[in-house]
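> Got a predicted structure here, sequence first:
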Amino acid sequence: MSRRPARRRPARRRSRKNAGREQLVLLGGAGLLVWLLLTGLVRFLAAHPWIPVTLVVLACGAVAAGVVRRQRAVQWERVRSQGLRYALAHLDTLHHRQFEHAVRDLMYRDGCADAVQVGGARDNGADVKATDPYGRRWVIQCKHRRDGLAGAAIGTPDLHVLNGTGRPVHGGDVIVLVTNGRFTKPATEFARAQRLHLVNRTVLATWAGGSTPLWELLRALPPPRRPTPLS
C-alpha cells in the first residue's frame, strides 16, 4: 500500500515571530513619535519662554482665586451665623426636628463649632450636642410644643431620661432641656436637685432673638475645662 504524503502544518513559529516584530516596530514608531513631539514642544517653549511663564501665572492665579473664595465663604458663614435670630412665633411653627436644627444653629452661632443635631430613634435623650469655647460638653434635649405655653407642660418623666443619660452615656458637662413651652413645678425642682438646666419659653425668646450665648443666660454652670481668651 502506498502511503499518502503527510500534510505540512503551517509554520506557527514564523507567524508569531512576525507578529512580535510588528509589535516592536509599532512600539518603536510610537516611542519615536512621542520623542519627536516632546523635543518639538521643548524647542517651541524654548523659543517662546513667555508661554510657560504665562501658564504658571494663570495656575497660581486660579489657586489664589480658589483660596479667596473659600475664605470669603467662611467669613460669610461666620457673619450669617452671628446674625442668626429666631422669633418665638417662627419657632412655634416648626416641626420638632426643625426645632432641633434651630437649637443646633443657635449653639453654632454662639461659638460651638462642632454643634450637631443627633435626635432621632435611639438618641438616648440627646437631640443636640456641642462643645462651647470653654471646653464644656453640652447635651441638649429639645421638646417642641406646637401650642407654645398652651401646650402640655414638660414634667419630670422627660427629665428622668435626660438625667440618666446626659452624663454617663453622652459625657455631658452641661445637661439642658429646651422647650418653647413651660415646665411643671416638680420638673423645675427635680432639675435644680439634679443639676439640670431648663430653658423655658422666656429664656428661649431671649436666647433665640438676641445675640447672648446660652451659657450667659443660665446659672450654676460647671467651670471651664480649659482656659480660653473668653475666660
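On my side now, so go ahead. Being a predicted model, the structure only gives us computed values, none of them experimental.

> Does Leu177 touch Val199 like I think?
Yes - applying CB atoms under 8 Å, one finds Leu177 in contact with Val199, separated by 7.0 Å. The way it works is simple: take the backbone N, C-alpha and C, and place the C-beta from them, glycine included.

> Just the buried positions in stretch 191-210, please.
Using 16 or more other CB atoms under 10 Å as the test for burial, stretch 191-210 gives 191, 194, 196-201, 203-204, 207-208.

> what does the average pLDDT come to for the longest helix along the chain?
Looking across the chain with DSSP state H, the single longest helix is helix 12-47. The average pLDDT within helix 12-47 is 78.

> what's near enough to touch Lys129?
114-116, 118, 137-140, 170, 172 (CB atoms under 8 Å, 6 or more residues apart in numbering).

> List just the nearest of those to Val53.
Asp114 (44.7 Å; CB to CB).

> is the residue nearest to that closest one when sequence neighbours are not counted in a bridge, and if so with what?
Leaving aside its sequence neighbours, Asp114 sits nearest to Thr131 (CB to CB, 6 or more residues apart in numbering; 5.3 Å). When assigned by DSSP bridges, Thr131 has beta-bridge partners Arg137.

> Cross-check the contact I'm expecting between Thr131 and Gly111.
No - counting by CB under 8 Å, Thr131 sits too far from Gly111 to count as a contact (9.6 Å).

> coming back round to it: turn the contacts of Lys129 into TSV, columns for distance to Val161.
As requested, those are arranged in TSV below (distance: CB to CB, whole Å):
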residue	distance to Val161
Asp114	23
Ala115	21
Val116	20
Val118	15
Arg137	18
Trp138	17
Val139	12
Ile140	13
His170	12
Gly172	13
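
> Who wins on neighbours among the residues you listed?
Neighbour tally across the contacts of Lys129 (other CB atoms under 10 Å): the maximum, 31 neighbours, falls on Ile140.

> What residue spans form the domains of the chain?
16-81, 86-216 (automatic domain parsing).
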